[in-house]
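Visitor: Predicted model, plus sequence, below.
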Amino acid sequence: MVKTSKPRRSRSGERLKKTDKYRSFRLQKKIRPSNKRLPSWFSLTKRTFSHLKQNKIIYLKVSLIYAVLYLLLVRGIGRITDLDQWFNRIDLSTFGKNLNIFSEIISGATPRSGAAGVFQVVIFTLFSLALLWVIRSLRSGSKKLKALDAYYAGTEPFVPYILVFLFCILMLLPMGLGSLVIETARRNNLIISNWEQAGFLVFGLFMAAISLFLLVGGLFGLIVASLGKVRPAEAIAIGWRTVRHRRPLIVWRISAMLVVCMFIVTVSVLPVVFIYSAAAEYVFYLTIIFLLLFVHLYIYELYREVIE
C-alpha cells in the first residue's frame, strides 16, 4: 500500500501550495519572485508619521536620552557656537550670509575629534537598537513601555549589530571613491565646461546608485541583527536574500525617503537661519533626531512589507 503525504493546510483549512526551492547542481525552472506589490513611498511616509503621532511619548523619551548623551559626549555643552557673530566679521550680503550659515551648520555636524567620532558611533548604535526594540514591542501589542527598558533590553545584540553596521559602511566605498575622483578633478581644474560638469555629475550619481544598491541588503541585515541570537554573517545573508528580486523597488523607496529627509531639513532649518540664525544650530540638531526616528520607522515598515 502506497502512503500519500497529506497536503499542507492553513489554520483556516485552506490548502497551501508547496513553495519552490533552489537545488544546487540540478536543472530546474526559474523561480519567480512574489507578486505582492509594495506600498508607495507616500504611503510609507504617511504610515510612519501616523505611527509617530500615536506613540510620540515613548519616542520622545528615548530621543531625549540620546540627545543628552550626544550633547555631553560628542558635541559638548560649550561647542554650540553662535555662527551669526562669526559671520558678522565677513562682508557678505544678507542672503549670501544666511546661505553660508546654513551650509556651515550642516558641514559642522561631523565630530571634530577621533574620540568624539567613536562616542558618536557608540551612542548612535545604542539609540538605533533602542528604537528598533520599541518599534517591535509596539507592533507586538505592548502598551506600557519604558525608555530605560529600551536601552537595557534592546541593546543586548550590540556587538553583532555594530559589526553589520561596519559592513554597511563598507558598502559606501563606491560613493566615496566617486567623490574622491570628482574632488581630485576639481582641484586640478579638470571640470571646466558644462559638458565636463554634467559628465562628472552623472559619474557621481552612478557611483552613489551602486552604493545604494549594495546598502539595502545591509540595512535589512541591521534589523535582523537587532533581534539577537543571530551572527553578523547570518544577518547579512538574510538581509541580502530578503531584497532579492526586489532591489530596484526598494532602492526607489529609500531614495524617495532621502529626498523627504532633505526637504524636511531645508524647510525646518533654512527659515530659522533667515529669521534668527543664532537658534539655527539647535533647530538643526532637533531636526536630525526627528529624522533618525523617521528613517528607522520608514525602513522597518518597508522591511515588514517585503517579508510578509
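Guide: Here it is on my side, so go on.

Visitor: Helix or strand: which one has S268?
Guide: Using DSSP states H and E, S268 falls within helix 247-275.

Visitor: Hmm, I typed the wrong one, I wanted V164.
Guide: For V164, the enclosing helix or strand under DSSP H and E is helix 158-170.

Visitor: Let me know the average pLDDT across that helix.
Guide: Averaging pLDDT along helix 158-170 yields 92.

Visitor: export the next helix or strand after it as PDB, just CAs?
Guide: Downstream of helix 158-170, the next assigned helix or strand under DSSP H and E is helix 173-187. Only the C-alpha atoms of helix 173-187 are listed here, as PDB (Å, rounded to 0.1, in the frame of the first residue of the first chain):
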ATOM      1  CA  LEU A 173      33.000  52.800  -0.700                       C
ATOM      2  CA  PRO A 174      31.900  53.200  -4.300                       C
ATOM      3  CA  MET A 175      30.200  56.500  -3.400                       C
ATOM      4  CA  GLY A 176      33.300  57.600  -1.500                       C
ATOM      5  CA  LEU A 177      35.500  56.700  -4.500                       C
ATOM      6  CA  GLY A 178      33.300  58.700  -6.800                       C
ATOM      7  CA  SER A 179      33.500  61.700  -4.500                       C
ATOM      8  CA  LEU A 180      37.300  61.400  -4.300                       C
ATOM      9  CA  VAL A 181      37.600  61.300  -8.100                       C
ATOM     10  CA  ILE A 182      35.300  64.400  -8.500                       C
ATOM     11  CA  GLU A 183      37.200  66.300  -5.800                       C
ATOM     12  CA  THR A 184      40.600  65.500  -7.400                       C
ATOM     13  CA  ALA A 185      39.400  66.600 -10.800                       C
ATOM     14  CA  ARG A 186      38.000  69.800  -9.400                       C
ATOM     15  CA  ARG A 187      41.300  70.700  -7.600                       C
END
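
Visitor: Skip ahead from helix 173-187 and say which helix or strand is next.
Guide: Next helix or strand after helix 173-187 toward the C-terminus (DSSP H and E): helix 194-225.

Visitor: so what does that next one touch, helix or strand wise?
Guide: Secondary-structure packing of helix 194-225 (3 or more CB pairs under 8 Å, 6 or more residues apart in numbering; DSSP states H and E): helix 158-170, helix 173-187, helix 232-242, helix 247-275, helix 280-307. From N, CA and C alone the C-beta is placed, and that goes for glycine too.

Visitor: Wait, T155 touches L132, no?
Guide: No. If you go by CB atoms under 8 Å, T155 and L132 don't touch, sitting 10.0 Å apart.

Visitor: And those two? Which one has more around it.
Guide: Counted by other CB atoms under 10 Å, T155 and L132 do not tie: L132 has more neighbours, with 24 against 18.

Visitor: Can you point out the buried residues in the helix or strand that the more buried one is a member of?
Guide: Using DSSP H and E, the element containing L132 is helix 114-139. Using 16 or more other CB atoms under 10 Å as the test for burial, helix 114-139 gives 116, 119-120, 123-138.

Visitor: any weak-confidence spans in this structure?
Guide: Along the chain, the parts satisfying pLDDT under 70 run over 1-35, 76-114.

Visitor: make it 80
Guide: Where the chain drops to pLDDT under 80, the residues are 1-36, 74-117, 143, 190-193, 196, 273-281, 308.

Visitor: got the angle for the helix or strand in which A153 is found vs helix 158-170?
Guide: In the assignment (DSSP H and E), A153 maps to helix 147-154. Per axes from the mean of the first three to the mean of the last three CA atoms, to 10 degrees, the angle that helix 147-154 makes with helix 158-170 is 80 degrees.

Visitor: Just the angle for helix 147-154 relative to helix 114-139, thanks.
Guide: Using the same axes, to 10 degrees, helix 147-154 lies at 100 degrees relative to helix 114-139.

Visitor: packing partners for helix 147-154?
Guide: If you count contacts as 3+ CB pairs under 8 Å, 6+ apart, helix 147-154 packs onto helix 56-70, helix 114-139.

Visitor: Centre of the chain to that helix, how far?
Guide: Centroid displacement of helix 147-154 relative to its chain, using CA atoms, centre = their mean, to the nearest Å, is 21 Å.

Visitor: Mind listing what's buried along it?
Guide: For helix 147-154, the neighbour count (16+ other CB under 10 Å) marks A147, D149, A150, Y151, G154 as buried.

Visitor: Helix, strand, or coil at H245?
Guide: Assigned state for H245: coil (three-state reduction, DSSP: H, G, I helix; E, B strand; the rest coil).

Visitor: Can you give me the distance of it to L212?
Guide: 17 Å (CB to CB, to the nearest Å).
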